[in-house]
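Student: Starting from these lines, generate the structure:
(one chain, ligands or ions: 1)
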Amino acid sequence: PGGTTVDERGELLVGGHRVTELAGRFGTPLQIVDLADVRRRCRAYRAALPGAEVAYASKAFLCRAVARLVDAEGLSLDVCSAGELAVARSVGFPGWRVLLHGNAKTPEDLKAALAHRVGRIVVDSLDEVDHVAALARDRQRVLVRVTPGVDGGTHAAVTTGVEDQKFGFPLSTGAAAAAVRHVLRQPSLRLVGLHTHLGSQLRRVADFELAARRLVALLAAVRDEHGLELPELNLGGGHAVPQLPGEDDFDLAGFAHRVRAAVHDECARHRLRPPRLTVEPGRALVASAGVTVYRVVAVKHAVRTFVAVDGGMSDNPRPALYGARYLVRMVGRPPAAPLRTATVVGRHCEAGDVIARDVPLPADVRAGDVLAVPGTGAYHHSLASNYNLVGRPPVVGVDNGAVQLLVRRETEEDLLRRDVG
Ligand code: LLP
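Tutor: As a prediction, the model looks like this:
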């Protein structure tokens, strides 16, 4: 998928750069991100949604280069911790274009956000409203996160639009309206809108329409109860990307058209001025820009053929967490045998450490070969861990002709530094 191409010799290119050359230069495992591809997608979003705010959900992948790029493209930034905010601050990302999310923002998160004067804090519990209200000055702008009771039909672990999960204030029970009332009682806060996020890897535009209509109805109820027209409606992210061949891309044009039409229609019914829309794509901006490169350590012909690589669930826990599927490509030499089914596994000490189950690979794949896994730009580096005390891979950015190390490889020294006992 996405930012990768194959040249006349069958070599995989990312942003025009040979994957094998980058692997030779930076070692494996290696994560490559095509910044030009990210930039194109930022522009596509802004073009598809003129007048709307596009906030990049930085949990998908954040480093300073990406924060700079997102800033330069005029997007806002969704952060959900003081750590993500620190990266944004370190490149001078303007606070007014930052939104702070999270269901359990710590005092540190809130203090950092207020010190950096973030544009909006999306409140997720009554306790949090009290915490923000106690710390805030200057009428901090807030949005109330609402759970509209819409099931986006995705993996349970990333389903957030239904009422029985931890995020947001349920709409149907009146909790959302009560949260609005509670925020409006706080003199240090200024309520500017409503937020919802239905989940991740969503394809059905109709679900966004339904959620938007329900939130507009709540905007109308707020107007009726408090005489206040809230100017912002944030519909979250979750726009799917194709992971395997044959899967459709998210229908961004359809989303832009149909969701806007639904908002306008519902606003007209309630005689409301249409609010400004915000969307928060994470995956859609970066997933296809990323490629992970491994070296084969061992091949075992057991019950099936296992191809073990020098990374695994520490750089990609998504198969284990969500049953995510990937295609794997051998690069760097022409295969001398036809394709056969193999299971690509990692180096970690559990049987669930699988990168790709039963995928086609050349039958002569052997130790030392280089394997590339496209479509790994979102929730890979950001979900990486040090399991088995393995250092996290570096991230190399390519940007047209330029190649730059963005995040260096984690060393043993890095790993030992925190162990102060
Ligand atoms: N806005 C909010 C409030 C979110 O919580 C998220 C993602 C997004 C926007 C962006 O969602 P996206 O467009 O990237 O789907 N680790 C999982 C995904 C978790 C998503 C968490 N929230 C995975 O690897 O699939």
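Student: how about the helices of the stretch 51-200 of the chain, start to end?
Tutor: Here the stretch 51-200 of the chain has its helices, by DSSP state H, counting those that start in this stretch, at 64-72, 82-90, 107-115, 126-135, 175-184.
Student: Using the three-state scheme, assign whatever residue of the stretch 301-421 of the chain ends up closest to the ligand.
Tutor: Using Cβ to the nearest ligand atom, Tyr379 is the residue of the stretch 301-421 of the chain that sits closest to the ligand, at 3.1 Å. Just so you know, the C-beta spots here come from the backbone N, C-alpha and C atoms, and that holds for glycine as well. Following DSSP: H, G, I helix; E, B strand; the rest coil, the label given to Tyr379 is coil.
Student: what's the closest non-adjacent residue to it?
Tutor: Ala60 (5.8 Å; Cβ to Cβ, 6 or more residues apart in numbering).
Student: can you pull the contacts of that neighbour?
Tutor: 282-283, 285-287, 377-379, 382 (Cβ atoms under 8 Å, 6 or more residues apart in numbering).
Student: let's see it at 6 Å
Tutor: Ala60 makes contact with 282-283, 286, 378-379, according to Cβ atoms under 6 Å, 6 or more residues apart in numbering.
Student: now do Leu277
Tutor: Neighbours of Leu277 in contact, by Cβ under 6 Å, 6+ apart: 52, 233.
Student: re earlier: which of the contacts of Ala60 sit farthest apart?
Tutor: Within these, Val286 and Tyr379 form the most distant pair, 9.0 Å apart (Cβ to Cβ).
Student: picking up where we left off before, could I get the contacts of Ala60 in CSV, plus columns for distance to Ala262 and pLDDT?
Tutor: Output for these, formatted as CSV (distance: Cβ to Cβ, whole Å; pLDDT from 0 to 100):
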residue, distance to Ala262, pLDDT
Gly282, 23, 98
Arg283, 23, 98
Val286, 27, 98
Ala378, 27, 98
Tyr379, 29, 98
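Student: Who wins on neighbours among these?
Tutor: Val286 (34 neighbours; other Cβ atoms under 10 Å).
Student: just checking, next helix/strand downstream of the helix or strand hosting that one?
Tutor: Val286 belongs to helix 283-286 when assigned by DSSP states H and E. Remark: after helix 283-286, the chain's next helix or strand is strand 290-301, criterion DSSP H and E.
Student: pLDDT on the helix or strand immediately after that next one in the chain, on average?
Tutor: Following strand 290-301 in sequence order, the next helix or strand is strand 305-309 (DSSP H and E). Regarding strand 305-309, the rounded mean pLDDT is 98.
Student: And strand 305-309, what's buried?
Tutor: Within strand 305-309, the residues scored as buried using 16 or more other Cβ atoms under 10 Å are 305, 307-309.
Student: How many residues are close by Glu73?
Tutor: Glu73, neighbours per other Cβ under 10 Å, totals 18.
Student: residues in contact with it?
Tutor: Cys42.
Student: what's the spacing between it and Cys42?
Tutor: Distance, Glu73 to Cys42, by Cβ to Cβ, to the nearest Å: 4 Å.
Student: What residues does the protein have near the ligand?
Tutor: The chain comes close to the ligand at residues 57, 59-60, 78, 101, 158, 197, 200, 236-239, 280-284, 318, 322, 378-379, 383, as judged by Cβ under 6 Å from any ligand atom.
Student: Among the residues you listed, which are located in strands?
Tutor: 57, 78 (DSSP state E).
Student: Report the contact partners of the residue lying closest to Val390 once chain neighbours are set aside.
Tutor: Leaving aside its chain neighbours, Val390 sits nearest to Ser314 (4.9 Å; criterion: Cβ to Cβ, 6+ apart). The contact partners of Ser314, taken as Cβ under 6 Å, 6+ apart, are 385, 387, 390.
Student: Now, of those residues, which are buried?
Tutor: Counted by 16+ other Cβ under 10 Å, these give 387, 390 as buried.
Student: Now tabulate the contacts of Ser314 in a markdown table and tack on secondary structure and pLDDT.
Tutor: As requested, those are exported to a markdown table (DSSP: H, G, I helix; E, B strand; the rest coil; pLDDT from 0 to 100):
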| residue | secondary structure | pLDDT |
| --- | --- | --- |
| Ser385 | coil | 98 |
| Tyr387 | helix | 98 |
| Val390 | coil | 98 |
